[in-house]
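Visitor: structure of the sequence below:
(one chain, ligands or ions: 1)
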Amino acid sequence: MKPVSVKNLSITLGAAQILPDVSFDVAAGECFGLVGESGSGKSTVLRCASMLWSIWDGEVRIGDQSVRDMDVMERCRTLQMVFQDPYGSLHPRQSVRTVLSEPLAIHGLDNRQDRMKAALSDVGLPSEFLDRFPHQMSGGQRQRVAIARALILEPDVLFLDEPTSALDVSVQAEILNLLARLRQEKGFTYIMVSHDLAVVDHMCERFAVMQSGRIVEVLDRDDIVANRAKEPYARELIGASLAYEQVV
Ligand SMILES: Nc1ncnc2c1ncn2[C@@H]1O[C@H](COP(=O)(O)OP(=O)(O)OP(=O)(O)O)[C@@H](O)[C@H]1O
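Guide: Alright, predicted model coming up:
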């Protein structure tokens, strides 16, 4: 289990300062949420912290190491990402076997067959799925494969970028429960982006409310129940989410 620390993260793209100055700490084994309106910079935090984008200022550490000091191989073994759209994140012409075996080959890991079967079993899929292609699976099964791909190198930290929002409502809870079980079993540290406060409330111990590239407030579940949010935007977001839950 490793903690994550983000300090004074800032990024400017063209003339726009997307993140002026973002800092937060995530404890080892914690699930930390990032919520906020569309365009508030949630995914940008993950893109920078994972080094998908590298032109930013500040510091991101996993355990005692800066992500900038890790080489690509080390970073892949430390940190993996799960994206919103499992169809988009899986190559249409690659079988599950190819998707799962490639990282093992690149990292020179042995017992590949056993590792692939174990990763599929971890996400609740039988080993026959190794021969399937993305179009032969449901959305939920594709997301399970994307999660298996993230697990296969046994990382410490997972960044989850709206991992259920492209899925049918009936499958969303299944995937969230799977992610919660995996965290318990494997001791992952999660940073989870969502626009859905109910999802974050279900999954995360604490969450940061973002607006216009800034964290306006960090809250935990008890703060929601006790209506303790101080910042007007955070209060508004929570109020809107609670009102929506009452309507549906
Ligand atoms: N490649 C890019 N070039 C320029 N601006 C970008 C780029 N990607 C994102 N942005 C801008 O950065 C800001 C933050 O985007 P980001 O995707 O991080 O928001 P978000 O909170 O994750 O939104 P959503 O919930 O809709 O995914 C937005 O104003 C967006 O227009």
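Visitor: please make it C-alpha for all contacts and neighbour counts, starting now.
Guide: Fine.
Visitor: which parts of the protein sit against the ligand?
Guide: 13, 18, 37, 38, 39, 40, 41, 42, 43, 44, 195 (Cα under 6 Å from any ligand atom).
Visitor: which of these fall in helices?
Guide: In this view, the residues of the chain next to the ligand that belong to helices under DSSP state H are 42, 43, 44.
Visitor: residue contacts, the first one?
Guide: Contact criterion Cα atoms under 8 Å, 6 or more residues apart in numbering gives 34, 35, 36, 193, 210, 213 as the residues in contact with residue 42.
Visitor: let me know whether the second one touches residue 199 as I believe.
Guide: No: applying Cα atoms under 8 Å, one finds residue 35 not in contact with residue 199, separated by 9.9 Å.
Visitor: and the contacts of stretch 120-128?
Guide: Outside stretch 120-128, the residues touching it (Cα under 8 Å, 6+ apart) are 117, 129, 141, 144, 145, 147, 148, 178, 182.
Visitor: mind redoing it with 6 Å?
Guide: Counting by Cα atoms under 6 Å, 6 or more residues apart in numbering, stretch 120-128 makes contact with 117, 144, 148, all of which sit outside it.
Visitor: pull the number of nearby residues for the second one.
Guide: The local packing count at residue 144 equals 24, with neighbours defined by other Cα atoms under 10 Å.
Visitor: how near is it to residue 16?
Guide: Distance of residue 144 to residue 16, computed by Cα to Cα, to the nearest Å: 36 Å.
Visitor: ranges for the strands of the protein?
Guide: For the chain, strands defined by DSSP state E occupy the ranges 4-13, 16-26, 31-36, 57-62, 65-66, 79-82, 157-161, 189-193, 206-211, 214-220.
Visitor: the spatially most central residue of the chain bridge partners, please.
Guide: The central residue of the chain, meaning the one whose C-alpha is nearest the mean C-alpha position (Cα atoms, centre = their mean), is residue 160 at 1.1 Å. In this structure, residue 160 has the following beta-bridge partners (DSSP bridges): residue 82, residue 192.
Visitor: distance of it from residue 31?
Guide: Per Cα to Cα, residue 160 is found 10 Å from residue 31.
Visitor: state the mean pLDDT of the lengthiest helix in the chain.
Guide: The residue-count maximum for a helix in the chain (DSSP H) belongs to helix 169-186. Confidence for helix 169-186, expressed as mean pLDDT, is 91.
Visitor: just checking, what packs against that helix?
Guide: Counting contacts by 3 or more Cα pairs under 6 Å, 6 or more residues apart in numbering; DSSP states H and E, helix 169-186 is packed against no other helix or strand.
Visitor: the inter-axis angle of that helix versus strand 189-193?
Guide: Angle between the axes of helix 169-186 and strand 189-193 is 160 degrees (criterion: axes from the mean of the first three to the mean of the last three Cα atoms, to 10 degrees).
Visitor: can I get the buried part of the residues of the chain next to the ligand as one ChimeraX selection?
Guide: Applying 16 or more other Cα atoms under 10 Å to those, the buried members can be selected in ChimeraX as follows:
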select :18,40,41,42,43,44,195
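Visitor: and the residues of the chain next to the ligand as a markdown table, adding pLDDT and distance to residue 57?
Guide: A markdown table is the format used below for the residues of the chain next to the ligand (pLDDT from 0 to 100; distance: Cα to Cα, whole Å):
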| residue | pLDDT | distance to residue 57 |
| --- | --- | --- |
| 13 | 89 | 12 |
| 18 | 93 | 12 |
| 37 | 87 | 24 |
| 38 | 88 | 23 |
| 39 | 90 | 20 |
| 40 | 92 | 18 |
| 41 | 94 | 15 |
| 42 | 94 | 16 |
| 43 | 94 | 16 |
| 44 | 95 | 13 |
| 195 | 85 | 25 |
